[in-house]
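> Have a look; sequence and predicted model below, questions after that.
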Amino acid sequence: MARGLLALAALAVVGLAAQPASAAPPPAVVGVLTCDVHGPDVALHFGSNRAIHCVYRPNGRGRPQTYIGHFRKYGVEVGVIGHTAISWRVIAPSHRIPRGSLAGSYRGFTIEATVGVGSGANILVREGDSTIHLDPIGMQAQTGGLNAAVGITALELQPVRR
């Protein structure tokens, strides 16, 4: 009898092991994070540190979430910078993310050029172990300046409590 139960248990284990593992759902774009980088700024230095105000707008229903922080650049930056707006798509494993989930540190690279009106790219990756992140390329639009920059970028975000 014990051998029969042992054989039955072995068959059950083999049967379970043969079942395909359920894969986690693929990440999805759950909303957009739009940020205003405060200016103007005169840049003739190795780096900058500018205040930033961001609003996350979830796709579909859901209330916008507000974040503040700092946008830092380390590298060559020369010129006069006017208003800067940057947007990223937010990627997460589920369609609803808790309030404040975008808080944290992001690091990457930046390259930009402005003559009156210009644009740039900010490639950022979230630090730490997180399933929520920003789409790696954030295009920015700058107005009212003459500027060129290339270097390392750091973005720090914290939620605004209401």
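Cool, got the structure. Numbers count the residues shown, from 1 in each chain.
> residues in contact with the closest residue to Thr110 other than its chain neighbours?
Spatial nearest neighbour of Thr110, chain neighbours left out: Thr153 (4.2 Å); criterion: Cβ to Cβ, 6 or more residues apart in numbering. All C-beta atoms are positioned from the backbone trio N, CA, C, and that covers glycine. By Cβ atoms under 8 Å, 6 or more residues apart in numbering, the contact list for Thr153 reads 71-74, 107-110, 122-124.
> Thought Ser130 was touching Ser105, still the case?
No - assessed by Cβ atoms under 8 Å, Ser105 is found out of contact with Ser130, at 10.2 Å.
> If you tally nearby residues, what's the number for Gly100?
15 (other Cβ atoms under 10 Å).
> How confident is the prediction for it, by pLDDT?
We have a pLDDT of 92 for Gly100.
> SS state for Gly39?
Classification of Gly39 by DSSP: H, G, I helix; E, B strand; the rest coil places it in coil.
> wait, doesn't it sit right on Phe71?
No - the criterion here is Cβ under 8 Å, and Gly39 misses it with Phe71 at 10.6 Å.
> These two: which is more packed in?
More neighbours surround Phe71 than the other of Gly39 and Phe71, with 25 against 19 (other Cβ under 10 Å).
> I appreciate the help and will end here.
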